[in-house]
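# Generate coordinates for the sequence data below:
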Amino acid sequence: MKKVAVFFVGLVFLLAGMGLTGNASAASNQLVIINKSTNTLAFYDGGKLVRTFKVATGRQMSYTPEGNFSIVNKIKNRPYYKDNIRGGDPRNPLGDRWLGLNARGTYGTTYAIHGNN
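Numbers count the residues shown, from 1 in each chain. Purely as a prediction, here's the structure:
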């Protein structure tokens, strides 16, 4: 759990409903900004703020990467490999949606915006 980019509750469902999980051309005008000092996530569509959410970030500042990243991997019910917990299990701390980020040379497998249990 130390390398968790961001925890959130229900955000993925909102983003999916707004089209963020649609095709790449539709998402090009959408932006998610995470403020680590205030633990807030802001969702922008077409340059306009749509909604903000309280989120959790890594326990240490270095656990949550900083920079511009794309969502490159979308997984429903991703397993929690560290503790061998299958996807969809209520004990899985990753929740049931995973939006993987291309942060620090990974391809959406290490850092993500995801739900929690």
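# where are the low-confidence patches of this protein?
Within the chain, the ranges that satisfy pLDDT under 70 run 1-27, 117.
# tell me the helices in it, going along the chain?
11-17, 24-27 (DSSP state H).
# Tell me where this protein has strands.
Assigned by DSSP state E, the chain shows strands spanning 6-7, 30-35, 40-45, 48-54, 71-76, 97-101, 112-114.
# Flag every buried residue along the third one.
Across strand 40-45, burial judged by 16 or more other CB atoms under 10 Å covers 41, 43, 45. No exception for glycine: its C-beta is placed from N, CA and C like everyone else's.
# do the same with the longest one
Within strand 48-54, the residues that qualify as buried by neighbour count (16+ other CB under 10 Å) are residue 53.
# Redo the buried residues of strand 40-45 as a markdown table? Include distance to residue 85.
As requested, those are exported to a markdown table (distance: CB to CB, whole Å):
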| residue | distance to residue 85 |
| --- | --- |
| 41 | 25 |
| 43 | 28 |
| 45 | 34 |
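# Which one of these is nearest to residue 96?
Distance from residue 96 was checked for each of these by CB to CB. The minimum falls on residue 41, at 18.0 Å.
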